[in-house]
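K.L.:
got a sequence here, can you build the structure:
(chains A, B, C and D)
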There are 2 protein chains.
Amino acid sequence: MRRSPTIIDVASHAGVSKSTVSNVLQGKSNVDATIRERVLQAISDLGYQANAGARSMRQRPKVLGIVVGDLTNPYHAELAAHIERYAAKRMHSILLVSTGGLPDAESKRVRTLIEHRVAAVLFLSSPESETLRMIGADLPKVFVGLTMPGQNSVSVNDYLGAQLAVRHLTALGHREIGFVSAMLADEPRIEEVRFQGFSSGMAEAGLRLCETHLLREKGRALGDGDYQDLIMRLLAREGRPTAIVAALDRIALEVISAADRLGIQIPNELSLIGFDDIAISGHSRIALTTIAQPMEELARLAVDMAVDGISIDGNGMRLAEVMLPPRLIERHTTGRCKD
Amino acid sequence: MRRSPTIIDVASHAGVSKSTVSNVLQGKSNVDATIRERVLQAISDLGYQANAGARSMRQRPKVLGIVVGDLTNPYHAELAAHIERYAAKRMHSILLVSTGGLPDAESKRVRTLIEHRVAAVLFLSSPESETLRMIGADLPKVFVGLTMPGQNSVSVNDYLGAQLAVRHLTALGHREIGFVSAMLADEPRIEEVRFQGFSSGMAEAGLRLCETHLLREKGRALGDGDYQDLIMRLLAREGRPTAIVAALDRIALEVISAADRLGIQIPNELSLIGFDDIAISGHSRIALTTIAQPMEELARLAVDMAVDGISIDGNGMRLAEVMLPPRLIERHTTGRCKD
DNA sequence: TTGTATGCGTTATCAT
DNA sequence: ATGATAACGCATACAA
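P.N.:
Just a heads-up that it's a prediction; the model follows:
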């Protein structure tokens, strides 16, 4: 029994033609109940399993491609988990590639998705423009958690989220508020929007942006020791901010480390607010106030969009840019300003 | 340009037969350099992308199936990330399914892997025996991070790991050592081995197991509030252990929370050691001493095993049970016993 | 070295 | 209601 049984095997075992077997498999109504039963029996007798590869040559493949920068990033992992779960409900499988942030590798990895003729590609991180070009316009693309000009996306209103963060802080009496976002070189769009929202929130409160309260250096990796140093320098400076908005929970974690090392108490001497609400942020040792992403809804909408396809009018794709409202989760890293 | 170009399109564009194109694609040496160049040009002109589905009918598919219980679990996510990365090096893609711990869903999800004719299945969590039966013996299976009787596996010597943990603790003067492992109902095998190693370590040090220092209740979920209560009860008891071995870093995180709430200082009043060394364990606020899994090596060996296949002798598969040595990473949750 | 013929497992079209 | 047959895109054995 080396090779697995085919519909032909099933057909001959059930004494019918392969067309009939196919009809049963497709749930067509034009097949006699008795015959159907006989076919089903043969299928279970032989342990027949459909061949998705062969099927995909005649039907739309039920596989979704997911492109993620780094699965080690808990935000990505959690989002991918939700997507996988909901995709399964929609009878779709997940072909996952992670680019590792390497620009040249990305193109190669995404190419494998195309070769597998995935029904659509979901981007959890922003791709190189070259990659996008390679994919072409025929393959549906959905950006989840981020926007992309001229592309379908399901994301959260980060601009508003950052405003929420600032409002929360100013309501607590903070006026010297910093923003730290280094290491987001791979997601410049998100970083930019969150910073713009931050700026707008500051302006709204009549506050000025202070250069020494800002840390937006690009090209830093999270593991980078230098990065810790940069944060510590910002925190150690005379007239340091009394509150900080971190562009990511992971960055907030770094700020916490830096503050701990400097003996700066959170939230007594420094308020901190993050973005995304990754799982660990809820832990009692962290208890990070943060702007949460509604991951479940994000995943659901993205998969629906990818599976059902974007409605096509005469001129081509109709753009769908869904934007969900953010939500502030208050925990214990933010408190009233003591100054 | 609705449908994507095929080798036939490439062939006619290059003025050769489709076999020649195929030969070029396969890197066969029996094709003239000039012709090869012409074909390559045609491929790039037309933007030809191979059809993996069609190809998989004639060749061994270059796709690996990964079964993971929960991608939200950072240990799983990190391991999956490493696997994906190395699989890419080996020119293989990853079809990922997560079972969500639901026994009946598992079978369905794994079935999709079979339908896609994956070259092998990698289990990051232990499957139902029914699922295993359904897969049959023809499809190579590799268990990574856990062992399975009669199956190929790449894992870490958890028994030794637990012994290491106990030795570390006894060397620090601890004699009242507890073990907490609830919520591992989905991985009873791992839990069992780690507990056995713990027991053996205790015996080795001439220490007796104390019932009230053990928490091995099954069927608890991590989010479960009751679970926190159970740990707190263990910690609040008179004559509580001075040190605890947690069967997982995630459980250790729960122990930390419980200790914090009870005002028990770590490591001054309680030493704690975990398992797996997930990323967050290295954070300064956690700084968990733990038994690390060599994830990279785990992933590499598992993928190699899956891709290269297990050598087959006359009697069938040759079993490969690779077991890697664990490594203790000492951070700041363990200290000398004060009693 | 290149081209032809065939098979892979499935679905879709068209007769019956 | 059922069956024969033609695609689908590719690789391979074989013929030229």
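K.L.:
so A:G101 makes contact with A:V68?
P.N.:
No: contact status for A:G101 versus A:V68: not in contact, 10.5 Å apart, counting by Cβ atoms under 8 Å. C-beta: built from backbone N, CA, C; applies to glycine.
K.L.:
for the two, indicate the residue with more neighbours.
P.N.:
Between A:G101 and A:V68, counted using other Cβ atoms under 10 Å in any protein chain shown, A:V68 has the larger neighbour count: 24 against 14.
K.L.:
quick check: chain neighbours aside, which residue is closest to the spatially most central residue of chain A?
P.N.:
Taking Cα atoms, centre = their mean, the centroid of chain A lies closest to A:L124, which sits 3.8 Å from it. With Cβ to Cβ, 6 or more residues apart in numbering or on different chains as the criterion, A:L124 has its nearest non-adjacent residue at 4.4 Å, and that residue is A:V68.
K.L.:
what pairs with the one you found across the strands?
P.N.:
For A:V68, the beta-bridge assignment (DSSP bridges) gives partners A:S98.
K.L.:
quick one: secondary structure of A:V245?
P.N.:
Three-state assignment for A:V245 (DSSP: H, G, I helix; E, B strand; the rest coil): strand.
K.L.:
may I ask you to confirm that it is in contact with A:F198?
P.N.:
Yes: look at A:V245 against A:F198 with Cβ under 8 Å: they come within range, at 5.6 Å.
K.L.:
overlap in contacts, the two.
P.N.:
Common neighbours of A:V245 and A:F198, using Cβ atoms under 8 Å, 6 or more residues apart in numbering or on different chains, are A:A162, A:A165, A:V166, A:F179.
K.L.:
those into CSV, with extra columns for neighbour count, pLDDT and secondary structure?
P.N.:
Below are the shared contacts of A:V245 and A:F198 laid out as CSV (neighbours: other Cβ atoms under 10 Å in any protein chain shown; pLDDT from 0 to 100; DSSP: H, G, I helix; E, B strand; the rest coil):
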residue, neighbour count, pLDDT, secondary structure
A:A162, 27, 98, helix
A:A165, 29, 98, helix
A:V166, 25, 98, helix
A:F179, 25, 97, strand
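K.L.:
mind listing the helices for chain A?
P.N.:
Here chain A has its helices, by DSSP state H, at A:7-14, A:18-25, A:33-46, A:52-55, A:74-89, A:103-115, A:129-135, A:158-171, A:188-204, A:225-236, A:249-262, A:295-308.
K.L.:
quick one: closest of those to B:M134.
P.N.:
The closest of the helices of chain A to B:M134 is helix A:33-46. By Cβ to Cβ, the value is 11.4 Å.
K.L.:
tell me if that closest one is near chain B.
P.N.:
No: interface with chain B: helix A:33-46 contributes nothing (Cβ under 8 Å from any Cβ of the partner chain), its closest point being 11.4 Å away.
K.L.:
any idea how far apart the tips of stretch A:95-103 sit?
P.N.:
From its first residue to its last, stretch A:95-103 covers 20 Å (Cα to Cα, to the nearest Å).
K.L.:
pull out the buried residues from it.
P.N.:
By 16 or more other Cβ atoms under 10 Å in any protein chain shown, the buried positions in stretch A:95-103 come out as A:L95, A:L96, A:V97, A:S98, A:T99, A:G100.
K.L.:
just give the closest residue to A:H13, not the sequence neighbours.
P.N.:
A:A42 (4.3 Å).
K.L.:
how about A:L71?
P.N.:
B:A81 (3.7 Å).
K.L.:
from A:L139, how far out is the one you found?
P.N.:
25 Å (Cβ to Cβ, to the nearest Å).
K.L.:
more neighbours: the two, which one.
P.N.:
Per other Cβ under 10 Å, whichever of B:A81 and A:L139 has more neighbours is B:A81, with 22 against 16.
K.L.:
residues contacting that one?
P.N.:
A:D70, A:L71, A:T72, A:A77, A:S98.
K.L.:
if you rank these by neighbours, which is first?
P.N.:
Among the contacts of B:A81, A:L71 has the most neighbours (other Cβ under 10 Å), with 28 neighbours.
K.L.:
mind listing what it touches?
P.N.:
Counting by Cβ under 8 Å, 6+ apart, A:L71 makes contact with A:A77, A:A80, A:L96, A:S98, B:A77, B:E78, B:A80, B:A81, B:E84.
K.L.:
and the last one, how close does it get to A:K108?
P.N.:
Computed as Cβ to Cβ, the B:E84 to A:K108 distance reads 13 Å.
K.L.:
between those two, point out the one with more neighbours.
P.N.:
With neighbours defined as other Cβ under 10 Å, B:E84 and A:K108 compare such that B:E84 has more, 24 against 14.
K.L.:
what pLDDT does the nearest residue in space to the more buried one that is not next to it in sequence get?
P.N.:
Closest residue to B:E84 apart from its sequence neighbours, by Cβ to Cβ, 6+ apart: B:I94 at 4.8 Å. Looking at B:I94, its pLDDT reads 96.
K.L.:
gap between the residue in the stretch 151-300 of chain A positioned nearest to DNA strand C and A:S107?
P.N.:
Distances between the stretch 151-300 of chain A and DNA strand C by Cβ to the nearest atom of the strand are smallest at A:N152, namely 25.8 Å. Taking Cβ to Cβ as the measure, A:N152 falls 21 Å from A:S107.
K.L.:
comparing the two, which residue is more hemmed in?
P.N.:
Shown here are A:N152 and A:S107; by other Cβ under 10 Å, A:N152 has more neighbours (22 against 18).
K.L.:
and the gap between the more buried one and A:Q49?
P.N.:
Look at A:N152 and A:Q49: by Cβ to Cβ, they are 34 Å apart.
K.L.:
could you give the number of residues near A:H76?
P.N.:
For A:H76, the neighbour count with other Cβ under 10 Å is 22.
K.L.:
contacts only, for it.
P.N.:
By Cβ under 8 Å, 6+ apart, A:H76 lies in contact with A:V68, A:G69, A:D70, A:L124, A:S125.
K.L.:
which residues sit against stretch A:53-61?
P.N.:
Contacts of stretch A:53-61 (Cβ under 8 Å, 6+ apart): A:52, A:63, A:116-119, B:51-54, B:56-57, B:61, B:116-117.
K.L.:
let's go with 7 Å and repeat that
P.N.:
Identification of contacts with stretch A:53-61 by Cβ atoms under 7 Å, 6 or more residues apart in numbering or on different chains yields A:R117, A:V118, A:A119, B:G53, B:A54, B:S56, B:M57, B:H116, B:R117.
K.L.:
then stretch A:266-281?
P.N.:
For stretch A:266-281, the surrounding residues in contact (Cβ under 7 Å, 6+ apart) are A:74-75, A:78, A:161, A:165, A:168-169, A:172, A:174, A:194, A:242-249, A:252, A:255-256, A:259, A:264, A:286, A:288-293, A:329, A:332-335, A:338, B:72, B:280.
K.L.:
which of those come close to DNA strand D?
P.N.:
Restricting the contacts of stretch A:266-281 to those touching DNA strand D (Cβ under 7 Å from any atom of the strand) yields no residues.
K.L.:
sorry, back to before: verify the contact between the residue of the stretch 151-300 of chain A closest to DNA strand C and A:L319 for me.
P.N.:
Yes: counting by Cβ atoms under 7 Å, A:N152 does reach A:L319; the two are 6.3 Å apart.
K.L.:
residues near A:T20, how many?
P.N.:
Neighbours of A:T20 (other Cβ under 10 Å): 22.
K.L.:
same question for A:M91.
P.N.:
10.
K.L.:
show me the contacts for the closest residue to it other than its chain neighbours.
P.N.:
Nearest non-adjacent residue to A:M91, counting by Cβ to Cβ, 6+ apart: A:K62, 5.8 Å away. Neighbouring residues of A:K62 by Cβ under 7 Å, 6+ apart: A:M91, A:H92, A:S93, A:A119.
K.L.:
and the pLDDT at A:K62?
P.N.:
pLDDT recorded at A:K62 is 95.
K.L.:
what residue in the stretch 101-250 of chain A comes nearest to DNA strand C?
P.N.:
A:R117 (13.0 Å).
K.L.:
next up, the contacts around that residue.
P.N.:
A:R117 touches A:S56, A:P61, B:N51, B:G53, counting by Cβ under 7 Å, 6+ apart.
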